[in-house]
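**Student:** below is the sequence, then the predicted model.
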Amino acid sequence: MIAAAAPARPHTRASLAAQLHALGVRPGGIVLVHAGLRGLGLLCGGPEAVLLALRDVLGPDGTVVVPTHTPENSDPAGWTNPPVPADWWPVIRAGLPGFDPAVTPSRFMGALAELVRTWPGARRSDHPHVSFAALGPAADRIVAGHALADMLGESSPLARLYELDADVLLLGVDHGRNTSLHLAEYRRPAPPRQRCGAAVLTPDGGREWVWWDDVHLDDDGFARLGAELEATGAVRLGPVGAGTGRLMRQRAAVDFAVDWLARDRRTEES
């Protein structure tokens with residue numbers, strides 16, 4: 001009779017902190033985190049254990065940043081999963097609540113992002129579609145002035161992270177979730193653009209629908225881009241919980257992506 005395999009041990013705040021330290025998370029640094037916690041195994045404390053472990057390693061001078069995007073607050077004409085009939089579009093544009101950085105929940109960004117958003121002292125940018133939340137001494141500098149147009153470009157938190165030489169940490173996810181690679185799309189010459197829309201709050205407490213022109217974001221190929229980035233040695237891989245952590249300097253990832261997109265998308269568009 002073959003004995004059943006012993007269940008995996010739970011991962012604790014202390015064990016996660018040890019793994020994050022070994023991976024190279026820098027004390028006093030700034031780290032943009034994308035996390036799929038399901039792939040990390042049994043976490044004793046769930047997302048709270050992960051956040052506390054990150055803060056233990058970063059220390060009091062470090063800052064945690066997460067994407068708190070609200071993709072449903074967008075033009076329904078572009079919805080594909082699922083698409084909605086054209087005669088619904090004006091109803092949705094008129095009825096979506098205006099984005100409120102203090103209370104609007106993030107969607108599809110994961111439990112860790114939502115935890116950071118609601119943590120005491122966290123700051124959140126006020127973009128109605130692609131906001132970010134930050135917790136730590138650099139939070140205000142990172143999230144302030146997030147412009148409506150060019151939403152992941154030079155007036156976005158991604159550019160502030162680039163200036164501050166932040167790290168990107170992928171926990172249980174691959175580079176398809178690496179939002180920083182979108183900054184490289186803005187640094188291409190004459191990137192394709194599109195019309196975007198969202199519901200926002202007005203100064204009198206009401207709401208309105210606004211339109212703006214922005215870069216057409218396209219993450220197709222990001223997983224392939226990330227694999228080639230890893231082949232250069234610019235990404236450190238290591239265990240975090242029962243999954244894999246990927247840690248990289250954001251500047252290195254963005255600079256590599258600028259060159260990669262120049263080659264890859266020129267070929268696609270030619």
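**Tutor:** That came through fine. Please read these numbers as outputs of a predicted model, since none were measured by experiment.
**Student:** for the stretch 1-150 of the chain, what spans make up the strands?
**Tutor:** With DSSP state E, counting those that start in this stretch applied, the stretch 1-150 of the chain shows strands at 30-35, 63-67, 123-124, 132-135, listed in chain order.
**Student:** which intervals of the stretch 1-150 of the chain have sub-threshold pLDDT?
**Tutor:** Counting by pLDDT under 70, the stretch 1-150 of the chain contains low-confidence residues at 1-8.
**Student:** now the helices: where do they sit in it?
**Tutor:** If you assign secondary structure with DSSP state H, counting those that start in this stretch, the helices in the stretch 1-150 of the chain sit at 13-23, 46-58, 89-95, 111-118, 139-143.
**Student:** for residue 65, which of these is the nearest?
**Tutor:** Proximity of these to residue 65 was assessed by CB to CB; the nearest stretch is helix 139-143, lying at 6.0 Å. Where you see a C-beta, it was placed from the backbone N, CA and C, and this is true even at glycine.
**Student:** show me what that closest one is packed up against.
**Tutor:** The elements that helix 139-143 packs onto, with contact taken as 3 or more CB pairs under 8 Å, 6 or more residues apart in numbering; DSSP states H and E, are strand 63-67, strand 123-124, strand 132-135, helix 157-163.
**Student:** contacts for that helix, please.
**Tutor:** Counting contacts by CB atoms under 8 Å, 6 or more residues apart in numbering, the residues outside helix 139-143 that touch it are 30, 63, 65, 121-125, 131-134, 157, 160-161, 164.
**Student:** longest helix in this protein, by residue count?
**Tutor:** In the chain, assigned by DSSP state H, the helix with the most residues is helix 250-269.
**Student:** for residue 80, see how far away residue 65 is.
**Tutor:** In this structure, residue 65 and residue 80 are 28 Å apart, going by CB to CB, to the nearest Å.
**Student:** residue 114 too?
**Tutor:** As defined by CB to CB, residue 114 lies at a distance of 24 Å from residue 80.
**Student:** compare those two (neighbour count), which wins?
**Tutor:** For the pair residue 114 and residue 80, the greater number of neighbours falls to residue 114 (17 against 6), based on other CB atoms under 10 Å.
**Student:** quick check: end-to-end length of stretch 101-108?
**Tutor:** Separation of the first and last residues of stretch 101-108 by CA to CA, to the nearest Å is 16 Å.
**Student:** in TSV: the helices and strands packed on helix 139-143, plus distance to residue 97.
**Tutor:** Shown next, in TSV, are the helices and strands packed on helix 139-143 (distance: least, CB to CB, whole Å):
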stretch	distance to residue 97
strand 63-67	20
strand 123-124	16
strand 132-135	19
helix 157-163	23
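**Student:** can you lay out these as CSV showing distance to residue 186 and mean neighbour count?
**Tutor:** As requested, the helices and strands packed on helix 139-143 are arranged in CSV below (distance: least, CB to CB, whole Å; neighbours: other CB atoms under 10 Å):
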stretch, distance to residue 186, mean neighbour count
strand 63-67, 16, 27
strand 123-124, 21, 22
strand 132-135, 16, 27
helix 157-163, 8, 23
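**Student:** quick check, nearest of the contacts of helix 139-143 to residue 209?
**Tutor:** residue 131 (17.6 Å).
**Student:** state the distance from that closest one to residue 99.
**Tutor:** Residue 131 sits 8 Å away from residue 99, going by CB to CB.
**Student:** quick one on the thing from earlier: of all the helices of the stretch 1-150 of the chain, which one is nearest residue 221?
**Tutor:** Residue 221 lies closest, by CB to CB, to one member of these: helix 111-118, at 23.8 Å.
**Student:** what is the closest one packed up against?
**Tutor:** Of the remaining helices and strands, those touching helix 111-118 by 3+ CB pairs under 8 Å, 6+ apart are strand 30-35, helix 46-58, strand 63-67, strand 132-135.
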